[in-house]
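Asks: only the shape, not the letters, is given here:
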């Protein structure tokens, strides 16, 4: 699974991936557009830039079902196969992964386009960061 928003480390929904193996940093091979409103979403019909995110191995259907429920798949977000460049010590390796696209949200004046394709660079990301205690 390739995640680019609140499912990434340090953000509010990452708890859903706690039992999953972190594979590494990656970016989509194809170019899409990352937007944020209340939550981040990638639109696959508007070309933009490579989307930056994290890759995880999802070990069970139960975990996948919980993520699908969070994303309201397939009504709001649609889980789709994409090619991702895994960035590691061995250079760049292309792998198949799944990503959640949302092509249904209207892009209004309260929508922020993230030109870098990296959710960390958005204003909205600050609202979803998890503050570690202790």
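Replies: Perfect, I can see it now. The shown structure was predicted, so the numbers you read here are calculated from the model rather than taken from an experiment. Numbering: from 1, shown residues only.

Asks: contacts only, for residue 121.
Replies: Contacts for residue 121 were tallied using CB atoms under 8 Å, 6 or more residues apart in numbering; they are residue 114. Where you see a C-beta, it was placed from the backbone N, CA and C, and this is true even at glycine.

Asks: can you map out the strands along this structure?
Replies: For the chain, the strands defined by DSSP state E cover 2-3, 21-28, 33-36, 40-43, 52-57, 78-88, 91-101, 112-113.

Asks: could you dump those strands to TSV with mean neighbour count?
Replies: Output for the strands of the chain, formatted as TSV (neighbours: other CB atoms under 10 Å):
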stretch	mean neighbour count
strand 2-3	26
strand 21-28	17
strand 33-36	22
strand 40-43	24
strand 52-57	20
strand 78-88	16
strand 91-101	15
strand 112-113	14
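
Asks: same list (the ones you listed) but as CSV, adding mean pLDDT.
Replies: Putting those into CSV (pLDDT from 0 to 100) gives the following:
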stretch, mean pLDDT
strand 2-3, 98
strand 21-28, 96
strand 33-36, 97
strand 40-43, 97
strand 52-57, 98
strand 78-88, 95
strand 91-101, 95
strand 112-113, 94
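
Asks: want to throw these into JSON lines with distance to residue 122?
Replies: Output for these, formatted as JSON lines (distance: least, CB to CB, whole Å):
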{"stretch": "strand 2-3", "distance to residue 122": "15"}
{"stretch": "strand 21-28", "distance to residue 122": "16"}
{"stretch": "strand 33-36", "distance to residue 122": "5"}
{"stretch": "strand 40-43", "distance to residue 122": "7"}
{"stretch": "strand 52-57", "distance to residue 122": "11"}
{"stretch": "strand 78-88", "distance to residue 122": "20"}
{"stretch": "strand 91-101", "distance to residue 122": "16"}
{"stretch": "strand 112-113", "distance to residue 122": "6"}
